[in-house]
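[1] predicted model and sequence below, questions to follow.
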Amino acid sequence: MSETVIELRDATIMQEQQAVLQGVSFSLEKSAFVYLVGRTGSGKSSLLKTLYADLPLLVGSGTVAGFSLSKLPTSKVPYLRRRLGIVFQDFQLLSDRTVAENLMFVLNATGWNNKARKQQRISDVLSQVGLSGAANRMPHRLSGGEQQRVVIARAMLNEPALLLADEPTGNLDPDVSDSIMQLFAEINNAGTAILMATHNFQLLEKYPHRVLTCKDGALLDSARYQ
Ligand SMILES: Nc1ncnc2c1ncn2[C@@H]1O[C@H](COP(=O)(O)OP(=O)(O)OP(=O)(O)O)[C@@H](O)[C@H]1O
């Protein structure tokens, strides 16, 4: 039996009492790599926000990483987020701390308390993203691509079942975008499902995967038409 990391059934994605997407039904399995595309304002970010419980799911039903999204109590949201890795376009690293301190901040906030294990985990994720030497660097001393790798390392700290990425290559040049895609492929091959919103159709052609498209208030799924 394949494990499902996202399951939405007849969901309405809302912003400020307005339906952005309606009748959204899809599921993602543990090994999935799926793109999320659509014009500006079509609902990609709103869908991702619903999946990490930044927007409530009021109509329809859904589970993400084993958590039911309808009626999810605020107190449970941090536990859901611990099962997710979230990567945005703008890097959002704390600028007054080193790379290792940025990662330590997240470990401390998510219940890790063994100092040796924390240091080992930081070293492991930095090595996973190819930045073993960067632990003591300040974020602004790193290139955009390196900063994005640190963000991905941060997202991987708690070994998430699912990585949600919103325009992760949006600010990066094509070579660097390629290297981020290769890193995502490695993460995906190691068992983390990936849902990635993007406007970059060159990436879709170069690294083909299933595509979810936000269009005219609905979500189309390339898997249904193959
Ligand atoms: N915080 C908000 N409050 C109210 N409406 C919002 C908010 N954020 C987005 N919207 C509206 O929801 C709709 C979907 O926006 P969303 O950001 O999900 O689109 P998107 O596909 O991610 O766009 P982009 O590609 O530009 O990031 C748009 O009509 C937008 O104006």
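    Sure thing, it's come through.

[2] and the chain, which residues reach the ligand?
    Listed as neighbours of the ligand in the chain under the rule CB under 6 Å from any ligand atom: 15-16, 20, 38, 40-46, 214. For every residue, glycine as well, the C-beta is placed using N, CA and C.

[3] could I get the residues you listed as a markdown table with pLDDT?
    As requested, those are exported to a markdown table (pLDDT from 0 to 100):
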| residue | pLDDT |
| --- | --- |
| Gln15 | 96 |
| Glu16 | 93 |
| Val20 | 97 |
| Gly38 | 97 |
| Thr40 | 95 |
| Gly41 | 95 |
| Ser42 | 97 |
| Gly43 | 97 |
| Lys44 | 97 |
| Ser45 | 95 |
| Ser46 | 96 |
| Cys214 | 98 |
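
[4] quick one, which of these are buried?
    With neighbours counted by 16 or more other CB atoms under 10 Å, those contain buried members at 20, 38, 42-46, 214.

[5] if we can go back for a sec, which of the residues of the chain next to the ligand fall in strands?
    15, 20, 214 (DSSP state E).

[6] from those, which single one is nearest Leu195?
    Cys214 (12.6 Å; CB to CB).

[7] so how far is Arg81 from that closest one?
    Taking CB to CB, to the nearest Å as the measure, Cys214 falls 23 Å from Arg81.

[8] give me phi/psi at the most centrally placed residue in the chain?
    With distances taken as CA atoms, centre = their mean, the residue of the chain nearest its centroid is Leu164 (1.6 Å). Note on Leu164: backbone dihedrals following degrees, to the nearest 10 are phi -110, psi 120.

[9] any idea what it is bridged to?
    Beta-bridge partners of Leu164, counted by DSSP bridges, are Ile86, Leu195.

[10] so who does it touch?
    Contacts here follow CB atoms under 8 Å, 6 or more residues apart in numbering; on that basis Leu164 touches 48, 51-52, 84-87, 195-196.

[11] for it, give me the pLDDT.
    On pLDDT, Leu164 comes in at 97.

[12] same question for Arg117.
    97.

[13] next, the buried residues of the helix or strand encompassing it.
    Using DSSP states H and E, Arg117 maps to helix 115-128. For helix 115-128, a neighbour-count test (16+ other CB under 10 Å) marks 118, 121-122, 125-126, 128 as buried.

[14] nearest to Val64 among the residues you listed?
    Val125 (22.0 Å).

[15] now that closest one: closest residue in space that isn't a chain neighbour?
    By the measure of CB to CB, 6 or more residues apart in numbering, the closest residue to Val125 outside its immediate chain neighbours is Ala153, 4.1 Å from it.

[16] now do Ala100
    Ala135 (4.1 Å).

[17] now that neighbour: how far from the ligand?
    32 Å (CB to the nearest ligand atom, to the nearest Å).

[18] wouldn't that residue be in contact with Val125 here?
    No. The criterion here is CB atoms under 8 Å, and Ala135 misses it with Val125 at 10.4 Å.

[19] now do the shared contacts for these two.
    Counting by CB under 8 Å, 6+ apart, nothing touches both Ala135 and Val125.

[20] so what's Glu159 up against?
    So Glu159 contacts Thr192 (CB under 8 Å, 6+ apart).
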